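A.B. asks: 3D model of this:
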Amino acid sequence: MAKTSNIVKKNYKYAVQIKNRCQRCGRSRAYLRKFGLCRICFRELAHKGELPGVRKASW
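C.D. replies: Numbering: from 1, shown residues only. Below is the predicted model of the structure:
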């Protein structure tokens with residue numbers, strides 16, 4: 001599934017039509033612009049400690 005979502009299916013005529021996608025899996029929904037990842041990949045990498053500056057919130 002990730003391979004099909006990473007393939008650009010259409011040449012967009014306008015820049016507005018370009019969709020942000022996760023760099024890791026190609027998912028287009030729940031995209032975190034700051035990290036370039038979807039929420040699922042962000043969570044996995046954050047739990048492994050592979051994202052610098054990200055800590056679990058505690059208050």
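
A.B. asks: For the helix ranked longest in the chain, give me every contacting residue.
C.D. replies: For the chain, the helix with the greatest residue count under DSSP state H is helix 39-48. The contact list for helix 39-48, computed with CB atoms under 8 Å, 6 or more residues apart in numbering, reads 22, 24-25, 27, 30, 32, 35, 37, 51, 54, 56. Where you see a C-beta, it was placed from the backbone N, CA and C, and this is true even at glycine.

A.B. asks: Name only those of those residues that count as buried.
C.D. replies: Using 16 or more other CB atoms under 10 Å as the burial test, the contacts of helix 39-48 include 22, 24, 27, 35, 37, 51 as buried.

A.B. asks: Between which two of the residues you listed is the distance greatest?
C.D. replies: Greatest spacing in the buried ones among the contacts of helix 39-48, by CB to CB: Arg27 and Leu51 (16.8 Å).

A.B. asks: what's the burial count for Gly49?
C.D. replies: The tally of other residues near Gly49 (other CB atoms under 10 Å) stands at 9.

A.B. asks: Equivalent analysis for the one 4 residues further on, please.
C.D. replies: Look at Gly53: counted by other CB under 10 Å, it has 4 neighbours.

A.B. asks: what's the spacing between it and Arg39?
C.D. replies: As judged by CB to CB, to the nearest Å, Gly53 and Arg39 stand 17 Å apart.

A.B. asks: Over to Gly26?
C.D. replies: In terms of CB to CB, Gly26 sits 14 Å off from Arg39.

A.B. asks: what element comes up after the least confident helix or strand in the chain by mean pLDDT heading to the C-terminus?
C.D. replies: Within the chain, no helix or strand scores below helix 2-6, which has a mean of 59 by mean pLDDT, DSSP states H and E. Toward the C-terminus, helix 2-6 is succeeded by strand 31-32 as the next helix or strand (DSSP states H and E).

A.B. asks: surely Ser28 meets Leu37?
C.D. replies: No. Using CB atoms under 8 Å, Ser28 makes no contact with Leu37, being 12.0 Å away.

A.B. asks: Can you give me the end-to-end span of stretch 48-59?
C.D. replies: In stretch 48-59, first residue to last residue: 21 Å (CA to CA, to the nearest Å).

A.B. asks: Right, I'll call it a day here.
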